[in-house]
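Enquirer: Turn this into a structure:
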Amino acid sequence: MPLADDLGHPVALPTAPARIVSLVPSLTEALAVTVPDRLVGATDWCTHPAGLDVPRVRGTKNPSLAAIGDLAPDLVVANQEENRELDVRRLREAGVPVWVTRIETLDDAFASMRRLFGDVLRAGAPDWLVEAEGAWAPAPEPGPRVAVAIWRDPWMWVGARTFTGDLLARLGCTNAVTTERYPKADPEEVDAEVVLLPDEPYVFTADDGPEAFPGRVTALVSGRQLTWYGPSLTTARDDLLASVHL
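Expert: Numbers count the residues shown, from 1 in each chain. Predicted structure coming up:
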């Protein structure tokens, strides 16, 4: 009986995949750190680990299906939020197995990574995953109201039912934006004590972002530590707490 991915789609894998293309930066880093010999392709946005040297297949939202096919993968890994269902469907129609993850909480991430590396790749739970699980337990009591901006012109925010929103709670923060997953709102409409300004997807800097929040605490933080679910989780909690002085 075939395995089913995080969305319940059956994925037939008679043997452990040996040629993997990743369409998700977080998963690319996790694969490169854990099973580097099996990673044969990644997107242009896959920047970690540093010095990653694999063929590129364009972006997360517009991957080149031809480039992926040329790499002859026996598995492509994708994510429900980061990749388009259209591309997943076309790859499957071309006979390429695709494993899609769905990650909206830290616990989702931990469970999904255990399934990917254990059940699918048959490599067991990586050391970094075990360390990350320990680093994020237990969850503290809710604390200050914090908002995470992800874009400006228009301003967009991390909202409810998102991995980053759950990560805020696990940091001991209360997400100040809960209307929808990624709502648009002007800075004055967001009731937050602290505003986090990451360097991705929008690259906030000291000269581009903080000036929109006079009288409020802002912090420039690593987008990778806020939004990636991979080896970065081993240090993300301590690094983020230090960055925002919570």
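
Enquirer: what's the longest strand in the chain?
Expert: For the chain, the strand that runs over the most residues, judged by DSSP state E, is strand 145-151.

Enquirer: Who are the packing partners of the helix or strand following it?
Expert: Counting by DSSP states H and E, the element after strand 145-151 in chain order, helix or strand, is strand 156-157. Judged by 3 or more Cβ pairs under 8 Å, 6 or more residues apart in numbering; DSSP states H and E, the packing partners of strand 156-157 are strand 145-151. Yep, even glycine has a C-beta here, placed from its N, CA and C like the rest.

Enquirer: Distance from the strand it packs on to the middle of the chain?
Expert: The chain centre lies 16 Å from the centre of strand 145-151; the measure is Cα atoms, centre = their mean, to the nearest Å.

Enquirer: cool, and stretch 134-145?
Expert: On Cα atoms, centre = their mean, the centre of stretch 134-145 falls 19 Å from the chain's centre.

Enquirer: now it: mean pLDDT?
Expert: The average pLDDT within stretch 134-145 is 87.

Enquirer: Stretch 41-54 now?
Expert: Averaging pLDDT along stretch 41-54 gives 96.

Enquirer: mind listing what's buried in it?
Expert: Residues of stretch 41-54 classed as buried under the neighbour-count rule (16 or more other Cβ atoms under 10 Å) are 41, 42, 43, 45, 46, 48, 54.

Enquirer: Equivalent analysis for stretch 83-92, please.
Expert: Those would be 83, 87, 88, 91, for stretch 83-92 by 16+ other Cβ under 10 Å.

Enquirer: and which of these is nearest residue 157?
Expert: Distance to residue 157 across the buried residues of stretch 83-92 (Cβ to Cβ) is lowest for residue 83, with 22.1 Å.

Enquirer: and the closest one, what does it touch?
Expert: 23, 24, 60, 61, 63, 100 (Cβ atoms under 8 Å, 6 or more residues apart in numbering).

Enquirer: Look at it and give its secondary structure.
Expert: Following DSSP: H, G, I helix; E, B strand; the rest coil, the label given to residue 83 is coil.

Enquirer: and what of residue 21?
Expert: strand.

Enquirer: Now it: closest residue in space that isn't a chain neighbour?
Expert: Spatial nearest neighbour of residue 21, excluding adjacent residues (Cβ to Cβ, 6 or more residues apart in numbering): residue 41 at 3.8 Å.

Enquirer: any idea how far residue 63 is from the one you found?
Expert: Note on residue 41: its distance to residue 63, by Cβ to Cβ, to the nearest Å, is 9 Å.

Enquirer: Need the buried residues of stretch 83-92 in JSON lines (columns: secondary structure, pLDDT and distance to residue 124).
Expert: Formatted as JSON lines, these follow (DSSP: H, G, I helix; E, B strand; the rest coil; pLDDT from 0 to 100; distance: Cβ to Cβ, whole Å):
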{"residue": "83", "secondary structure": "coil", "pLDDT": "97", "distance to residue 124": "26"}
{"residue": "87", "secondary structure": "helix", "pLDDT": "97", "distance to residue 124": "30"}
{"residue": "88", "secondary structure": "helix", "pLDDT": "98", "distance to residue 124": "27"}
{"residue": "91", "secondary structure": "helix", "pLDDT": "98", "distance to residue 124": "27"}
